[in-house]
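Undergrad: Turn this into a model:
(one chain, ligands or ions: 1)
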Amino acid sequence: MSTREYRRKRNLEKSGEPAGASGRFGDAPVFVIQKHDASTLHYDFRLEVDGVLKSWAVPKGPSTDPREKRLAIQTEDHPLGYADFEGVIPKDQYGGGTVLIWDRGSYRNITEKEQGLCPPMRALEDGHLLVWLEGEKLAGGYALQRIDADKGHWLLIKMDDEQADARRNPVSTEPNSVATGRGLDEITRDTESGT
Ligand code: MN
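TA: Down below sits the predicted model:
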């Protein structure tokens with residue numbers, strides 16, 4: 001897997017974003033959800049698969065209600081080190097705007113095929129991946145279901161398990177960073193004042 005497209009789209013010296021993998025995060029693969037206040041606010045859902053972060057932009061953010069199917073638009077693979085990125089991408093750069101680590105943790109692939117567990121890259125190629133998240137805000141099963149391969153449109157859907165909760169709405173009630181506790185405005189201010 002390559003992050004060539006990621007690098008092609010950006011001037012990393014100017015954007016301040018990670019160039020590649022930094023440290024490892026332990027044995028389990030990681031997921032991260034980054035709230036990104038770019039031209040339109042969205043949530044970037046990223047899963048570590050085969051050494052890169054497979055990525056989707058989720059305009060409304062994830063839901064904990066199995067009846068709420070959230071559009072997820074696949075974007076270019078990001079380097080693993082991006083999971084640690086929180087800060088401000090300058091306005092004149094690709095994806096310019098503030099990035100906040102909204103949730104993160106480890107995950108397990110739970111996609112079953114006739115023969116047993118289906119490798120995650122294979123599941124993505126087939127357009128159907130099931131994961132079990134161990135985040136701070138999100139937990140339990142989530143499905144990624146491809147609905148339009150040409151447009152890269154998928155749906156992100158909470159599975160109906162013990163962690164499903166139609167009354168929770170963490171996107172609005174838990175807006176801040178799980179890494180630093182900061183909100184978007186604070187991150188923007190801290191970056192602009194150089195702290
Ligand atoms: Mn984004």
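Undergrad: In this structure W132 contacts T111, no?
TA: No. Using CB atoms under 8 Å, W132 is not in contact with T111; the gap is 10.2 Å. Using the backbone N, CA and C atoms, a C-beta is placed for each residue, glycine as well.
Undergrad: Check the offset of the longest helix along the chain from the chain's centre.
TA: When the chain is scanned for its longest helix (criterion: DSSP state H), the result is helix 184-192. Put simply, helix 184-192 sits 21 Å off its chain's centre (CA atoms, centre = their mean, to the nearest Å).
Undergrad: can you pull the buried residues of it?
TA: Within helix 184-192, the residues scored as buried using 16 or more other CB atoms under 10 Å are L184, I187, T188, T191.
Undergrad: gap between the third one and T98?
TA: T188 sits at a distance of 5 Å from T98 (criterion: CB to CB, to the nearest Å).
Undergrad: try the first one
TA: Distance of L184 to T98, given as CB to CB: 5 Å.
Undergrad: Also the last one?
TA: Per CB to CB, T191 is found 8 Å from T98.
Undergrad: Surely M159 touches A139?
TA: No. Applying CB under 8 Å as the test, M159 and A139 come out as separate, 11.0 Å apart.
Undergrad: These two: which is more packed in?
TA: Neighbours were tallied for M159 and for A139 using other CB atoms under 10 Å; the higher tally belongs to A139 (18 against 15).
Undergrad: OK, contacts around the closest residue to that one other than its chain neighbours?
TA: Of all residues not flanking A139 in the chain, Q163 sits nearest, at 4.5 Å (CB to CB, 6 or more residues apart in numbering). By CB atoms under 8 Å, 6 or more residues apart in numbering, Q163 lies in contact with T64, L138, A139, G140, G141.
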